[in-house]
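> from the sequence below, what's the structure:
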Amino acid sequence: MKSSYIKPLSIIIISCVGIIVYFNTFHCSFHLDDQDITDNFAIRNIHHLSDIWAFYPCRFVTLLSLALNYHFHQLDVFGYHVFNLMVHLVTAILVWWLTLLTLSTPAFEENSAKSKQLGLLKEQRITQHANLMALLAGLVFVSHPLQTEAVTYIWQRAASMATLLYLASLSFYVQSRLLQDGQSSLGTGRLYYIFSLITAVAAMFTKEIAVTLPLMILLYEFSFFETKKNLDGRRIFPFLLTLFIIPLTMWLTRSSLFHEIQDVSQGPGGISPMHYLLTQFRVMVTYIRLVFLPLNQNLDYDYPVFKSIFEWPVFISFLFLITILFCAKRLFLKYRLVSFSIFWFFLTLLPESSLLPAQDIIFEHRLYLPLVGYSMFLVSGVYYLLEKNTIKTTVMVLTMIIACNAVLTYQRNKVWENDFTLWDDAVRKSPHKARPYDRCGIFYYKQGNLPQALRAFNKAIAINPNYDSAYNNRGLIYYNQGHWPQALSDYHKAIAINPKYPAYFNLGLIHNKQGYFTQALWDYSKEIEVTPGQPEPFINRGNIYTREGNFPQAIADYNRAIEINPQSAEAFYDRGVVWDKQGHLTQAISDYNKAIEINPKFPEAFYNLAFIYYRLKEYDKAWSNVHQAEGLGASVDPNFINELKKASGREQ
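Numbering: from 1, shown residues only. This is a model prediction of the structure:
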């Protein structure tokens, strides 16, 4: 086959395999952190870039992609999944391209004389099959079942998008180096260098894992361009500056991750940075097992926290990891690609497996970027291991691994179909962990199965008596059953465990119904302090201000609710009521009409409009709105109808 056909064919093959194994994901529901999509009003308007930035500055690019999805698809999961898969396919193609570029670097070509003298021709032999090796690396990456969490779990596109930009930046950089070293197409080389810098900066605002990119470029230089003694600092310096983007952004904006690290280390059941690091030694061994044997995958691993280096699981894991790194160093001369791939795996794990504690000790999507190193390691490792055999043997072995992984990926994606299939799987695999039961309870609650939901929340609390979410969710059950004292007790328990837990709104609902309006006002204000990006607390607080006659404050709260969610029919209606009470009928009519525009089945808005038009003596409009309200099931005051008949001359 002509080489001109190899590259597009490789791209087609990688894309087809990716589409096949993820074809059953397009209608999988939102899960867990996807509430940052469904309940996130910051992404509801693509034109409000400041809101998107304020929500999570370090992941602005990720949120911008979600805002685009919402703009075109609202909450239809199909569009989100198509986008996630496209990101995954492009990333896999970049794995193929980076592998191809790597096999064209000086380490594989210019060192042939030295290699002949040392009898080390292995690195050069693999270049004869560069196209095939690159294709296989891309296929290993696109088909691996551990990638399902970053592809099928919509919010975790943060990991896949950051990896795409990370790989794009490194690939553009390598291409620019190859063009400049070849003393040809220097202008094109500079253009690739600029692209590399742009994608590097974009990666830094996609997910924090991109922070290792400048270090990876240095590692790549030392591994494949042999510039240990004469590294061009001017070429590397701009990338080193990008090292400061993420920490500075986190510090200046006090981003979500900044607070999460603080909460994890200082909050209830907190994990100190040192304990987190010790636990990560064991976690990294689990990660290595999963990449080679991706069986018994789990969204919510029940993982112990280790507190001493001398606990045998930690000590043995530490020795195992040190041994791998030592072997990688020893393999560097003979098997440079293998060695580089091992270092890639560990370097890219550092942001989430070091001293900075995360909410979850282990998560499969954290392997998305490290799996680039694994893909190159597996392909080159199998090639060198079977070098005495024909290339067909290598292809056969790798094809079998890819095929097995593809089947496992397709099967794993079935688990992500909905919240029940996902969390029921987690309950079976982590029966002594509270969160899977809590999430199953939420599923039952949404389905209206309150007894089953209550059992699930009780089980979660029995496992972890300090689980704030389970108390809050059980309180919702009691509230819906009319057991307000039990609901209040659970809401207070959730807040006692975690003062930042957003259960104040639920407290406000009960206090409001009980007539304790001052207490409800405090509850809603506290909820606004904890979760300032939700419109409901502003609406409910505004309603209390309206009841008290504090119209300016009520208007201010309704304005803020509308600013957060311009599609809140309730906020427009409630603001219209305040304008109506103050006699500002033009503003009231505008707000009632806006509420109807958003929600055409809003009988109260039609009814209030009828009253206004009656006062304005526009009787035809008044009758029209009365009929609309009646058609939607509104209870119409007979006295008002009689007055309207008299005034309009319709009285018989």
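
> now do the contacts for Phe420.
Cys440, Phe443 (CB atoms under 8 Å, 6 or more residues apart in numbering). Quick note: C-beta positions are derived from backbone N, CA and C, even for glycine.

> state the mean pLDDT of the helix or strand it falls within.
Per DSSP states H and E: Phe420 is located in helix 419-429. On average, the pLDDT along helix 419-429 is 96.

> cool, stretch 201-219 as well?
96.

> in it, which residues are buried?
Using 16 or more other CB atoms under 10 Å as the test for burial, stretch 201-219 gives 201-217.

> next secondary structure after the helix holding Phe420?
In N-to-C order, the element after helix 419-429 by DSSP H and E is helix 434-446.

> which outside residues touch that following helix?
With CB under 8 Å, 6+ apart, helix 434-446 has contacts from 32, 300, 418-420, 422-424, 426-427, 430, 450, 452-457, 459-461, 463-464, 467, 469-470, 473-474, 476-477.

> filter these down to the ones in strands?
Within these, no residue falls in strands by DSSP state E.

> out of these, list just those in helices.
Filtering the contacts of helix 434-446 for membership in helices, criterion DSSP state H, returns 419-420, 422-424, 426-427, 450, 452-457, 459-461, 463, 469-470, 473-474, 476-477.

> of those, grab the buried ones for ChimeraX.
A single ChimeraX command is used to select the members of the ones in helices among the contacts of helix 434-446 judged buried by 16+ other CB under 10 Å:
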select :419,422,423,424,426,427,450,453,454,456,457,459,460,461,463,469,470,473,474,476,477
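
> chain center to stretch 128-144, what's the gap?
Offset of stretch 128-144 from its chain centre (CA atoms, centre = their mean, to the nearest Å): 27 Å.

> give the buried residues for it.
So stretch 128-144, judged by 16+ other CB under 10 Å, has buried residues 129-144.

> could you do stretch 579-587 as well?
The neighbour-count check on stretch 579-587 (16+ other CB under 10 Å) flags Trp579, Asp580, His584, Leu585, Gln587 as buried.

> ditto for stretch 195-202
Within stretch 195-202, the residues scored as buried using 16+ other CB under 10 Å are Phe195, Ser196, Leu197, Thr199, Ala200, Val201, Ala202.

> in this structure Thr409 contacts Val151, no?
No - in this structure, Thr409 is not within contact of Val151 by CB atoms under 8 Å, at 9.0 Å.

> joint contacts of these two?
Here Thr409 and Val151 share the contacting residues Tyr22, scored by CB under 8 Å, 6+ apart.

> same list (the buried residues of stretch 195-202) but as JSON lines, adding distance to Tyr545 and secondary structure.
Output for the buried residues of stretch 195-202, formatted as JSON lines (distance: CB to CB, whole Å; DSSP: H, G, I helix; E, B strand; the rest coil):
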{"residue": "Phe195", "distance to Tyr545": "54", "secondary structure": "helix"}
{"residue": "Ser196", "distance to Tyr545": "54", "secondary structure": "helix"}
{"residue": "Leu197", "distance to Tyr545": "51", "secondary structure": "helix"}
{"residue": "Thr199", "distance to Tyr545": "49", "secondary structure": "helix"}
{"residue": "Ala200", "distance to Tyr545": "49", "secondary structure": "helix"}
{"residue": "Val201", "distance to Tyr545": "45", "secondary structure": "helix"}
{"residue": "Ala202", "distance to Tyr545": "44", "secondary structure": "helix"}
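
> show me which of those is closest to Phe224.
Taking CB to CB as the measure, Phe224 lies nearest Ser196 of those, at 15.5 Å.

> quick one: Phe377 and Val338 touch, right?
Yes - at 6.0 Å, Phe377 counts as touching Val338 under the criterion of CB under 8 Å.

> just for the chain, where's the confidence low?
1-6, 34, 109-124, 181-186, 226-230, 255-269, 650-652 (pLDDT under 70).

> try it again at 80.
1-6, 33-35, 109-125, 180-187, 226-232, 254-270, 387-389, 648-652 (pLDDT under 80).

> name the residue closest to the centre of it, please.
Residue closest to the average C-alpha location in the chain (CA atoms, centre = their mean): Trp155, at 2.6 Å.

> distance of that one from Thr253?
20 Å (CB to CB, to the nearest Å).

> Phe225 too?
Applying CB to CB to Phe225 and Thr253 gives a distance of 36 Å.

> more neighbours: these two, which one.
Neighbours per residue, other CB atoms under 10 Å: of Phe225 and Thr253, the larger number sits with Phe225, 18 against 14.

> identify the residue spatially nearest to that one, adjacent ones excluded.
Pro106 (5.8 Å; CB to CB, 6 or more residues apart in numbering).

> contact partners for the residue nearest to Phe457 when sequence neighbours are not counted?
Excluding the flanking residues, the one nearest Phe457 by CB to CB, 6+ apart is Arg474, at 4.0 Å. For Arg474, the contact set (CB under 8 Å, 6+ apart) comprises Gly441, Leu454, Phe457, Asn458, Ile461, Asp490.

> residues in contact with the closest residue to Pro535 other than its chain neighbours?
Spatially, and ignoring its direct neighbours in sequence, Pro535 is nearest to Ala561 (3.9 Å; CB to CB, 6+ apart). By CB under 8 Å, 6+ apart, Ala561 lies in contact with Pro535, Glu536, Phe538, Ile539, Gly542, Ser568, Ala571.
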